[in-house]
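> Here is the input, now give the coordinates:
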Amino acid sequence: MEFQPPSVSQVEQIIVQLYESIDPHFQKSAQEYIQNLQKQQYAWDMAPQLLASQSVNSQFIGAHIFQVKISRDWNTLPLDRKKWVRTELLGWIVRLSNGSNIVVTKLCLALTAYALQAVPDIWSNFIPDFFEMLHSGVIAAQNEGQTLFFESPLLEFLTVVPEEVLRADLIGERKAKVYQELTNSIPRVFSTLRSLLSEYCGNLDRDIILKQKCLRCLQSWILYGVPFDSLYLLIDNVINLFSHESTNDAATEVLVEFISQPCITSYQNTVCEKMLCCMTSDWAKAQMVNDADESLPKNLCRLMTTFGENFYDYIAKHFLRQDVIVYMEMMLMFAGYPGYFGQDQEISEMPLQFWYLLQEPLFDPDIIPVNNVDNDTVNGEDAVTSTLHITPDESRKIREMSLVVFRRLVEILRSKIQYPPDVEWAEWTKDVKEQFKIYRRNVGDTVMNSYFVLRDQMLAFFVDLAIKQLNSPGRNPSQWQDLESTLFCIKSIAEAVDHNESVYLPRLFGAEVYGMLPLQGHVRLRNTALSLIGSYADWFKSHPQYILSALNYLIPALSDAELALSAATSFKEVCDACRDSLVGDIDNLVNMYMVVGPHIQPREKQKVIESIADVIQALSPDKMLQPLLVVTNDIIQAMREAVLRGKQNPPQYRDAIITQLEYLTCCCRGIQPPDEKVIILDDDEHELRNEGSFFDPSSVGLVNTLLEITSNIAEIWYHDSDVIEYLCKFLSIGIRTNSTILSIPFEMIVSLTQISFQRDHHSYWLDTAAKVVTIHGSNNNYGTALRDMLAALTSTTIQHIRCQADMEQYPDIVNSYFSVLTKYLQKCPLLLYTLPSDMFKSILTFSVAGLGSQERLALKSAVTFMGEFIGQNYKEEQFAKGVENVMMAYGFEIMRELLLGIGGRLPRSFVLSLATVLHKITGRYIEASREWLNILLSQENFPSPHVDQYTKQNFAKAILSTRALQRFKDLVIEFSIKCRDLEDSAYGRT
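As a prediction, the model looks like this:
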């Protein structure tokens with residue numbers, strides 16, 4: 001509906017309300033009014049009237065209306081009005097060139113939007129034209145006695161053009177013309193920038209502003225992508241401005257972008273010479289610590305870090321050069337920048353990535369050669385030395401100096417990650433504390449990378465330092481921060497240290513360090529010490545004589561709430577890695593658990609239980625049962641009590657039963673072999689699995705008890721999805737394990753699954769059924785039970801999910817049900833065809849309906865099942881004929897749903913999956929597919945009103961004549977784009 005055009009004064013009153021009202025309701029109504037105004041045709045004429053206002057806010061809205069109208073309503077303008085818009089925009093840019101910068105910028109954005117629409121038919125060569133039109137406009141104004149400065153609007157326009165071009169969705173000829181326009185304009189643009197950067201305009205404040213604008217413009221063109229030959233001419237100007245405080249920020253941005261360009265590597269020597277001279281100048285060194293303004297050292301650090309990250313090979317090759325030595329000194333100073341990171345400064349983290357990159361070329365023989373060189377040698381690695389002009393003596397000196405540099409680096413980094421005194425730490429905000437912790441982790445990564453340079457030197461340094469810190473005379477017991485940071489560094493390099501190291505780690509884990517660590521207080525120090533043990537679990541595996549002393553340090557901490565997580569995590573890592581070494585001490589471990597277990601928090605207790613079960617798993621089968629019974633006895637008793645009391649008050653005991661189920665699941669997970677994945681059992685393996693411990697009276701008693709408890713849980717808490725989720729997790733883990741000790745027998749779990757799913761429709765029961773089929777589907781002895789389970793689950797699911805709306809309301813059930821069907825297809829497909837015919841038809845009808853679901857989870861699983869169903873491999877002729885009969889009955893509906901999804905009913909992300917299913921249909925049933933496609937695509941507006949009959953016929957012909965899957969997918973994607981009316985958009989091609 002077209003609004004009655006308001007007067008400009010009425011619109012200005014609304015703008016005042018928008019910007020000046022403190023009432024959010026008034027602001028919102030004003031914003032909605034302006035947005036509606038922009039949709040009207042008369043807004044084209046309202047824009048220049050607002051630009052003529054004396055109010056900057058009105059001028060801004062006027063320019064914004066132009067930009068919005070050009071972007072949205074370009075096609076509503078006749079040719080003469082399009083030219084009028086250009087004239088208006090250029091005129092207002094000239095008239096307001098001395099005015100508000102935000103208005104000029106908005107006008108330049110509007111003019112850029114115009115240019116991108118008008119190229120190439122209405123306005124070609126728009127950048128040179130803008131130069132000329134702006135110059136003519138300024139001269140005309142000067143002839144009328146006005147003094148206008150054209151540089152500011154010129155720079156604004158030249159800045160926004162490359163930015164908007166990169167953002168625009170340009171395709172085809174227009175894209176090529178616009179990019180060519182920018183390429184052709186580079187010489188003139190850069191000539192202008194060079195003049196403005198090198199000249200003084202006569203007014204200091206205006207000169208600073210112009211220089212800043214020039215730098216911002218240059219950065220925009222660098223980001224767009226400009227040849228090095230053009231950029232290089234301006235770099236000296238930028239470097240000169242880098243050393244001026246007023247232009248340092250802008251110059252930093254330009255230089256960072258400049259040295260980050262991929263094309264720069266071809267001009268490495270030239271660029272590095274200039275940049276090193278700039279970064280190691282006396283002015284730069286004076287900015288290393290600037291108490292008055294941290295932005296200057298921060299900019300310098302950012303520039304130097306970016307340089308190092310792009311030219312680390314160059315730095316390594318020229319490690320002995322004086323300017324590189326100065327550069328390295330400055331980088332070390334930045335790594336140790338004064339103050340705590342996050343609280344006092346944000347500089348010391350910036351160079352960390354550089355040190356990681358530098359260590360690689362320093363020890364790469366292709367960059368810094370290792371071998372000695374004979375003057376007559378021209379082949380092999382020695383030839384590399386000649387090519388690089390690095391003598392053997394220089395190579396040796398480079399490596400010696402690199403050891404010195406990295407030794408200083410790790411000393412600095414260790415000191416930087418020290419926690420502040422407790423009183424000071426307590427005053428930090430939560431965000432700053434988290435920032436500091438992240439910084440510590442990043443430093444840990446840098447320390448580990450430095451280990452590859454220093455190797456044993458680093459380990460020797462840290463272990464000796466820890467011993468020195470512990471034995472320091474007059475040491476204040478409350479000052480733990482320095483020792484903690486040393487242990488943290490040792491922990492950080494654990495992944496890189498050789499498991500056979502036998503010099504320094506025995507001293508660390510022996511009496512000299514761990515034998516002297518405090519056993520009370522010092523929470524952060526002890527947490528680090530506990531975590532350090534876990535990080536060296538593989539080392540303990542190679543040095544089992546140190547395991548018990550490490551566990552003696554870990555175990556008391558399990559019952560301390562502040563230390564329990566670190567202790568339990570390390571305990572699990574040690575038990576997992578060293579299970580074979582610990583089997584002889586299993587009784588001690590179990591007795592330890594009986595003592596400390598009642599005092600451990602639930603989360604940590606899960607880890608401890610799984611850890612002990614890890615060790616139990618390493619025992620021979622005849623020795624596993626007794627310690628396992630001891631560990632599970634308290635769990636079983638607690639579950640019995642929770643079940644007994646839960647019958648009267650289920651909500652009150654739900655948390656207790658969940659906790660015990662988690663314990664039992666962890667125990668069951670722990671007794672699985674470390675390399676075990678999903679176990680697939682055939683007939684013979686089922687026989688073997690049922691031998692051994694299953695016939696032990698205690699084992700039988702345990703299994704019967706578990707069956708009774710799980711049945712009661714499923715009945716008492718049948719409506720509680722959380723309890724059922726944890727119960728099904730336990731059952732699924734038990735199905736997977738080779739051991740029968742904590743597993744519910746097949747017949748019982750099938751029965752429990754059927755009954756429980758009928759009782760309440762939790763998707764977790766379907767997930768459990770899918771796991772049962774995965775493990776037991778290959779066993780012919782279980783065919784009848786598996787078929788009956790599928791029939792029961794299908795009957796319950798289809799009764800519960802009766803329509804498309806139900807599918808979208810219960811996507812988890814639909815997803816899990818299709819997963820069950822897919823597992824049957826993969827493991828025992830014949831069982832599907834032994835179902836009653838009515839039920840089998842219901843499954844197919846349900847599956848076809850799933851292909852039209854708008855809920856992503858349900859849709860994905862439906863498409864997966866359909867792909868599996870159509871793609872079945874048949875070994876028996878009778879089976880193959882049966883599948884073909886099914887496809888003849890349902891293929892038409894399946895294809896209809898696939899085409900509707902491809903045509904736009906379903907999200908674009910599913911088109912490839914749908915294409916794969918369609919490819920299988922057309923490949924196996926080509927004649928039927930030809931008939932179905934002919935019938936479906938001949939329908940008007942099917943599958944979309946955006947494709948005509950000719951397009952549909954060509955699509956059908958193309959997909960029926962190709963068997964290459966990738967080509968088939970490309971054809972389907974192309975057709976889908978046309979169906980969605982996205983053919984002429986960049987979005988359609990993404």
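
> from here on, contacts and neighbour counts on C-alpha atoms
Will do.

> average pLDDT for stretch 283-293?
Stretch 283-293 carries an average pLDDT of 81.

> same deal with stretch 647-660?
The average pLDDT for stretch 647-660 rounds to 96.

> so where do the helices sit in the stretch 851-990 of the chain?
856-870, 877-900, 911-924, 926-937, 949-960, 965-979 (DSSP state H, counting those that start in this stretch).

> Dump those into JSON lines; add mean neighbour count as well.
Output for those, formatted as JSON lines (neighbours: other Cα atoms under 10 Å):
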{"stretch": "helix 856-870", "mean neighbour count": "21"}
{"stretch": "helix 877-900", "mean neighbour count": "17"}
{"stretch": "helix 911-924", "mean neighbour count": "20"}
{"stretch": "helix 926-937", "mean neighbour count": "16"}
{"stretch": "helix 949-960", "mean neighbour count": "15"}
{"stretch": "helix 965-979", "mean neighbour count": "19"}
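
> and residue 253, which of these is closest to it?
Closest approach to residue 253 among the helices of the stretch 851-990 of the chain is made by helix 965-979 (40.4 Å; Cα to Cα).

> Helix 877-900 and that closest one, what's the angle between them?
Using axes from the mean of the first three to the mean of the last three Cα atoms, to 10 degrees, the inter-axis angle of helix 965-979 relative to helix 877-900 is 30 degrees.

> just the angle between helix 965-979 and helix 949-960, please?
160 degrees.

> for the record, mean pLDDT for helix 965-979?
Rounded mean pLDDT across helix 965-979 is 95.

> got the angle between that helix and helix 911-924?
Per the same axes, to 10 degrees, the angle that helix 965-979 makes with helix 911-924 is 120 degrees.

> rewinding a little: looking at the helices of the stretch 851-990 of the chain, which has the lowest confidence?
When I compare those, helix 877-900 is least confident, with a mean of 89.

> Residue 293 sits in which helix or strand?
For residue 293, there is no enclosing helix or strand under DSSP states H and E.

> Near it, how many other residues are there?
Around residue 293 there are 11 other residues, counting by other Cα atoms under 10 Å.

> Quick one: low-confidence residue ranges for the stretch 201-350 of the chain.
Counting by pLDDT under 70, the ranges of the stretch 201-350 of the chain that qualify are 201-203, 290-292.

> quick one, helices of it?
204-224, 228-242, 248-259, 268-279, 282-286, 295-310, 312-317, 322-335.

> now for the first one, which elements pack on it?
So the one you mean is helix 204-224. Here helix 204-224 touches helix 151-167, helix 172-198, helix 248-259, going by 3 or more Cα pairs under 8 Å, 6 or more residues apart in numbering; DSSP states H and E.

> buried ones in the first one?
Across helix 151-167, burial judged by 16 or more other Cα atoms under 10 Å covers 151-165.

> residues making contact with that helix?
Helix 151-167 is contacted by residues 93-94, 97, 104-105, 108-109, 112-113, 116, 131, 134, 178, 182, 189, 210, 213-214, 216-218, 220-221, 224 when judged by Cα atoms under 8 Å, 6 or more residues apart in numbering.

> Ok, stretch 851-859 next?
804, 807-808, 811-812, 814-815, 850, 862-863, 894, 897-898, 901, 905-906.

> hmm, which helix or strand of the protein has the shakiest average pLDDT?
helix 380-388 (a mean of 42; mean pLDDT, DSSP states H and E).

> I'd like the next helix or strand past it.
Past helix 380-388, the next helix or strand by DSSP H and E is helix 392-416.

> from the middle of its chain, how far away would that following helix be?
With Cα atoms, centre = their mean, to the nearest Å as the basis, helix 392-416 stands 34 Å off its chain's centre.

> Likewise for stretch 930-937?
43 Å.
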